[in-house]
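Q: structure of the sequence below:
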Amino acid sequence: GSDMVASDGSIDPLNFDSAVADLPDSVVVDTRSYFPVIPSAQWRYRKQTDDWMTPPGPNERAVSTVTVGDGENEYIRSTTAFLEIDIDGEQRLVRQVFKETFVLEPPDRNVGPVLKVKAIEIDEFIASDDTFLSTIQRDYLPPYTLMADAWRTGTFSTNTVNDHSLTETLTRAGEDEPRVTQSNITVQVVTSVDPQIILMEGQYREGVRQIDVSDSLLGTKNRTYWVQQGVGIVQWQFQPTNNQVFTLIDASVEE
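A: Numbers count the residues shown, from 1 in each chain. Modelled structure (predicted):
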């Protein structure tokens, strides 16, 4: 992805002209998984529009990569999104970085990988000068299950409700100390039982499963993923991005 890196080291949201980063020849994609984990892969998105033939503004784009975490079976999916947000009555281009720490338990014979969410970090900056706005860090104990079987997403545990301990740390620009809140919350994960067909970026994607997540202090749905077997997250909607939907343009895992 060096073609997307600006001189200051930040990700350039405008340069989607070149092809997505190729995978090394030695990498084998788990085509059975709705969440294939490949540290060298890249997924590129842009803001959904009412008319898919009319692309959004060039700034409203996002890119995701996966890196290996510190713990056993840990992976971090980092998504950098650029979008226009109203700040003090003025539309500003904002860079948001989502770091989702997952625990991916290996498959056991006929049971596919189990995907759990351990932590989420959301950092927000003014894109033009990298001015810091805020950071939210959420840590879950124990990690909650997002996919009970990544090979059969939508078949098992399609509506789970479990209690977890949440520690949320909120740091805002201009505040001397972060605000730390600890609470027991109810995490709900609802996965569509019936596969969906979605038209996005000029093509039909079939067999898509929708996953709605409520894992914040508010107790309301705050994230939605649409996942496709062998590809991963083909569409997503997060509450911090004004609930705007981002759809997949291309990914390293697809030829």
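
Q: check which residues of stretch 102-111 are buried.
A: The neighbour-count check on stretch 102-111 (16 or more other CB atoms under 10 Å) flags 102-104, 107 as buried. C-beta here means a position set from N, CA and C on the backbone, and glycine is covered the same way.

Q: and for stretch 243-255?
A: By neighbour count on 16+ other CB under 10 Å, the buried set for stretch 243-255 is 244-249, 251-253.

Q: please compute how far that stretch lies from its chain's middle.
A: 11 Å (CA atoms, centre = their mean, to the nearest Å).

Q: go on, stretch 191-208?
A: 17 Å.

Q: for that stretch, give the mean pLDDT please.
A: The average pLDDT for stretch 191-208 rounds to 90.

Q: can I get that stretch as CSV, trimmed to CA atoms?
A: C-alpha atoms of stretch 191-208 as CSV (Å, rounded to 0.1, in the frame of the first residue of the first chain):
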residue,chain,number,x,y,z
THR,A,191,-26.6,-12.2,12.7
SER,A,192,-29.0,-12.5,9.7
VAL,A,193,-30.1,-16.1,9.2
ASP,A,194,-31.0,-15.7,5.6
PRO,A,195,-28.2,-14.7,3.2
GLN,A,196,-28.6,-11.3,1.4
ILE,A,197,-28.0,-10.1,-2.1
ILE,A,198,-26.6,-6.6,-2.1
LEU,A,199,-25.9,-4.4,-5.1
MET,A,200,-22.7,-2.4,-4.5
GLU,A,201,-20.1,-0.8,-6.7
GLY,A,202,-21.7,-2.0,-9.9
GLN,A,203,-21.9,-5.7,-8.9
TYR,A,204,-24.2,-8.1,-7.0
ARG,A,205,-22.7,-9.7,-3.9
GLU,A,206,-24.5,-12.8,-2.9
GLY,A,207,-24.6,-14.8,0.3
VAL,A,208,-23.9,-11.7,2.4
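
Q: which residues are contacting that stretch?
A: 48, 52-53, 147, 153-154, 157-159, 209-212, 226-229, 234-235, 247-249 (CB atoms under 8 Å, 6 or more residues apart in numbering).

Q: quick one: the buried residues of stretch 243-255 as a markdown table, columns for pLDDT, secondary structure and distance to residue 142 too.
A: Formatted as a markdown table, the buried residues of stretch 243-255 follow (pLDDT from 0 to 100; DSSP: H, G, I helix; E, B strand; the rest coil; distance: CB to CB, whole Å):
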| residue | pLDDT | secondary structure | distance to residue 142 |
| --- | --- | --- | --- |
| 244 | 87 | coil | 31 |
| 245 | 91 | strand | 30 |
| 246 | 92 | strand | 29 |
| 247 | 92 | strand | 32 |
| 248 | 92 | strand | 31 |
| 249 | 88 | strand | 35 |
| 251 | 92 | strand | 30 |
| 252 | 92 | coil | 31 |
| 253 | 93 | coil | 29 |
